[in-house]
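what follows is a predicted structure for the sequence shown.
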Protein chains: 4
Amino acid sequence: MKPKIRTPFFEIGTKNYVYGDTVLEYALAAEEASKQYDIDVLFTLPVVEMRRVAERTSRLILIAPYMDTLRPGRGTADILPEGIYAAGARGVVVNHCEKPMSLPQIKATIERARELDMLVFACADTTAEAEALAHLHPDILNPEPTELIGGGTGEVSDMGYVAETLRRVKAIDPSILVEQAAGITTGQQVYDFLMAGSEGAGAASGICKAVDPIATMYEMIAATRRAADDLKKQGR
Amino acid sequence: MKPKIRTPFFEIGTKNYVYGDTVLEYALAAEEASKQYDIDVLFTLPVVEMRRVAERTSRLILIAPYMDTLRPGRGTADILPEGIYAAGARGVVVNHCEKPMSLPQIKATIERARELDMLVFACADTTAEAEALAHLHPDILNPEPTELIGGGTGEVSDMGYVAETLRRVKAIDPSILVEQAAGITTGQQVYDFLMAGSEGAGAASGICKAVDPIATMYEMIAATRRAADDLKKQGR
Amino acid sequence: MKPKIRTPFFEIGTKNYVYGDTVLEYALAAEEASKQYDIDVLFTLPVVEMRRVAERTSRLILIAPYMDTLRPGRGTADILPEGIYAAGARGVVVNHCEKPMSLPQIKATIERARELDMLVFACADTTAEAEALAHLHPDILNPEPTELIGGGTGEVSDMGYVAETLRRVKAIDPSILVEQAAGITTGQQVYDFLMAGSEGAGAASGICKAVDPIATMYEMIAATRRAADDLKKQGR
Amino acid sequence: MKPKIRTPFFEIGTKNYVYGDTVLEYALAAEEASKQYDIDVLFTLPVVEMRRVAERTSRLILIAPYMDTLRPGRGTADILPEGIYAAGARGVVVNHCEKPMSLPQIKATIERARELDMLVFACADTTAEAEALAHLHPDILNPEPTELIGGGTGEVSDMGYVAETLRRVKAIDPSILVEQAAGITTGQQVYDFLMAGSEGAGAASGICKAVDPIATMYEMIAATRRAADDLKKQGR
């Protein structure tokens, strides 16, 4: 069964900033923070560390950064969906800007993920791309519409674009969860994005390139908790 | 330090024929056969199972079927050399026919492997391609020159092409180990190839699609032992 | 200035079914039929024949099957937008199923086409993909949602899917012209699609693989004329 | 019949530095200089201008910067070998550093070129790559082994690397013509490379980015003539 995600959620991506034991170290910290603040945490990590992290954590929802669409058989260098699922992946990223995909490839990846009850986490570079991808019905959409941010001139405009992107995606498919992850480096930004309506927030370089990655992770997950509480108080 | 390989050696590739626990099961059997027959065994497996297999085996030389050439950092869907090395890979395949590479990409992959003291296992579709790749000095070359096999019409011609390919590769770089893996399905073929001069033999589908893959693996590694003994008797 | 297209229009694609003089021969016939029936004809042809066809025709709207997005400079094997425009191309295909593109590449190609006042002719494999692409605002959308055709079981359902696709695309951007080109082999099909609401119809293999390609071209353009007249009578 | 090339020859590549009428202008100048100095000139140009240049010149040997390997049929965005041949191409570049190819793709392109009696002009980034490609037997090899040039520290070492590359390529296949084109911006460099043993010299940016491209072209072709005469005097 596809994992259920309670909102607001938090997502951590290690990309290839770290490898080996450090991936596990980050995952264990994320697991602990997830428990401490009772927040659902998605953890995106290289497939090579998937199994070890899965064996040592129980709360994290583990996401593979990519998979191919082949079925068991040949395809020696491909990432087999069944293989990463067996290792513990419960979701997969499609169309990350560092691994852009054609529409037929996105569609095929989504279909393979559906077969295995894996979550689909889709990335979009622009609002138009986010709307486009919404028609393919991913579970989570992570739009990073840099063209609307206006040079990061201030929080108000940022929050304006968040609301606009949300509105447009939900108009196409209200069941898609929208996450903001563009340029987040502090807990306060996490809080602001969530209060502006995003159902999730996330960070990759914001954590991995921080002076203290694990403290930053805790700060952001704590901010997610604070937003969860305040949203509840507001009856949202 | 780059692993040393005693010849004749045997190589097993699981491709994506199997995944999850079955990969470990095959690896444990290969480890056991390697010990029983005192033969060096290269085991090529999906990166997602690399760490678990590395933790449970000590004799196998583990080979990744592919890696990218990025350095730690961004590149969310890429296979990081340091990442697979940390998980236990001690070699990498380049230019597998199911993942063809450009010459600059092959060269860059070899350079990254050299940095990490990983073995380079290069594949070639034809004799000309094998000669071409020999100039890039991989540790092992696996030529599958189907155009010379002539429909697999018989052992004599097969052995003729083995000798010819060996001669051509060694003329360019005598330190390259040459493996034959094309179409091997029996221990007898392993024996014949090794007696004809190949320094290694290997199988992927020949094992994974066999009625009893583990028995076939043992049969082939036993044949490698037999060839090792007979080569020694002949003073080769 | 971007070419204006009068609807209903007809589109011919030669793909690589023909080359050399035959491309010119087909283009001259299309030009003649376009004039005879007073129908706007889009003609998609290999870039290598673009200039010759442009020099010998005046009514055809010439479409390149692909272009890259580089600017004048290096990029020795790329198709330069300014280069095909100078040769006579007034439009470009994006995301043909035989050349699938990532969303960022589609977006970049559309932006380059806009700079040069070239028409954008986008292809989609499915209705969802057509909706996705509508958010990128091509001039013409050619959806071939094979999953809805139901094995080509009959005209009623075919026409049902045409109407549904039209409705969905127009809901996103009513200015996009929708063309049907999937599996058209007769003038009657052209007529039926146009009467069902498509603003254009087209054929590639339906013409190039016909027993008499030029006669088939005339038949289809004549059918477009007939539809134009009947739509006018109906006040549509 | 495949064009015969008299040595020393000169090669001009326009890449995408110029387009439209300028390509023709350069080609006509190259044709005139070829005639004036009685030197064989290879002219590499975008396929979109191939036919026009072919119709207006008779001495130039026209080279396409790339082709696909499909046969007439589908493949709407591909460059069909028969299509560029019909337009006048008599050769094709393989493995340009701006369009790297896998070994199987290089091999397939060479086979298609052979079918059509087209020259194969192969590019290599390094000496090792040049040796590798020599095993695939192109007609012309253009090695640009930047790692050996040593920062362009002077003519002596440059000429040392030219001789070494020549020696290595000829050891594999003496019938391959070796061209030097790396960093040539003056006629004197053309002369020096040819006197050092290269059978051809060439320039792309060295001409297209010159203050006066056509004068530079003449200067280089004149230098080729001068080298031809001096080589003859020396009985080489």
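Here it is on my side, so go on.

touching, residue A:78 and residue A:70? I think so.
Yes. Contact status for residue A:78 versus residue A:70: in contact at 5.0 Å, counting by Cβ atoms under 8 Å. For the C-beta atoms, the positions are set from N, CA and C on the backbone; glycine is no exception.

find the residues that touch each one of the two.
residue B:16 (Cβ atoms under 8 Å, 6 or more residues apart in numbering or on different chains).

residues near residue A:203, how many?
By other Cβ atoms under 10 Å in any protein chain shown, 26 other residues sit near residue A:203.

check the secondary structure at the residue nearest to it when sequence neighbours are not counted for me.
Leaving aside its sequence neighbours, residue A:203 sits nearest to residue A:184 (Cβ to Cβ, 6 or more residues apart in numbering or on different chains; 4.6 Å). Following DSSP: H, G, I helix; E, B strand; the rest coil, the label given to residue A:184 is coil.

quick one: residue A:184 and residue A:228, what's the gap?
17 Å (Cβ to Cβ, to the nearest Å).

comparing those two, which shows the higher neighbour count?
residue A:184 (22 against 18).

which residues touch the more buried one?
A:190, A:193, A:201, A:202, A:203, A:206, A:220.

do the same with residue A:17
A:204, A:205, A:208, A:209, B:72, B:73, B:74 are the contacts of residue A:17 under Cβ under 8 Å, 6+ apart.

hmm, 7 Å instead?
By Cβ atoms under 7 Å, 6 or more residues apart in numbering or on different chains, the contact set of residue A:17 is A:208, A:209, B:72, B:73.

the third one reaches residue B:80, doesn't it?
It stands for residue B:72. Yes. Contact criterion Cβ atoms under 7 Å: residue B:72 and residue B:80 qualify, at 6.4 Å.

and stretch A:223-236, average pLDDT?
The average pLDDT for stretch A:223-236 rounds to 96.

what does that stretch contact?
Contacts of stretch A:223-236 (Cβ under 7 Å, 6+ apart): A:8, A:10, A:37, A:39, A:187, A:188, A:190, A:191, A:194, A:195, A:201.

please convert the contacts of residue A:17 to CSV, extending it with neighbour count, pLDDT and secondary structure.
As requested, the contacts of residue A:17 are exported to CSV (neighbours: other Cβ atoms under 10 Å in any protein chain shown; pLDDT from 0 to 100; DSSP: H, G, I helix; E, B strand; the rest coil):
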residue, neighbour count, pLDDT, secondary structure
A:208, 22, 95, helix
A:209, 13, 94, coil
B:72, 16, 96, coil
B:73, 14, 93, strand
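
need the max-distance pair from those residues.
Greatest spatial distance among the contacts of residue A:17 (Cβ to Cβ): A:209 and B:72, at 11.4 Å.

need the residues touching each of residue B:72 and residue B:80.
In contact with both residue B:72 and residue B:80: A:16, A:19, using Cβ under 7 Å, 6+ apart.

who has more neighbours out of residue A:78 and residue A:70?
Ranked by neighbour count (other Cβ under 10 Å), residue A:78 and residue A:70 place residue A:78 first, with 20 against 17.

residue contacts, residue A:121?
Applying Cβ under 7 Å, 6+ apart, the residues contacting residue A:121 are A:63, A:91, A:92, A:93, A:138, A:139, A:140, A:142.

I'd like the average pLDDT over the helix or strand hosting it.
Residue A:121 is part of strand A:119-124 when elements are defined by DSSP states H and E. Taken as a whole, strand A:119-124 has a mean pLDDT of 96.

and stretch A:3-21, by the same measure?
The model assigns stretch A:3-21 a mean pLDDT of 97.

mind listing what's buried in it?
By neighbour count with 16 or more other Cβ atoms under 10 Å in any protein chain shown, stretch A:3-21 contains the buried residues A:5, A:7-20.

if you rank every helix and strand of chain A by mean pLDDT, what lands last?
The helix or strand of chain A with the lowest confidence, counting by mean pLDDT, DSSP states H and E, is helix A:146-149 at a mean of 50.

can you name the element that comes right after that one?
helix A:155-172.

could you see whether chain C lies near that following helix?
No. Helix A:155-172 stays clear of chain C (Cβ under 7 Å from any Cβ of the partner chain), getting no nearer than 8.1 Å.

which secondary structure elements does the helix or strand just after that helix contact?
Next in sequence after helix A:155-172, counting helices and strands by DSSP H and E, comes strand A:177-180. Judged by 3 or more Cβ pairs under 7 Å, 6 or more residues apart in numbering or on different chains; DSSP states H and E, strand A:177-180 is in contact with strand A:140-143, helix A:155-172, strand A:200-203.

Provide the strand pairings for strand A:177-180, with the direction of each partner.
Applying DSSP bridges to the sheet, strand A:177-180 is found paired with strand A:140-143 (parallel), strand A:200-203 (parallel).

among these, which is nearest residue D:170?
Taking the strands paired with strand A:177-180 one by one with Cβ to Cβ, strand A:140-143 is closest: 56.0 Å.

quick one: average pLDDT of the closest one?
94.

next, the buried residues of it.
Result for strand A:140-143 [16+ other Cβ under 10 Å]: buried residues A:140, A:141, A:142, A:143.

who's in contact with that strand?
Counting by Cβ under 7 Å, 6+ apart, A:119, A:121-124, A:127, A:130, A:133-134, A:165, A:169, A:176-179, A:181, A:200, A:202 sit against strand A:140-143.
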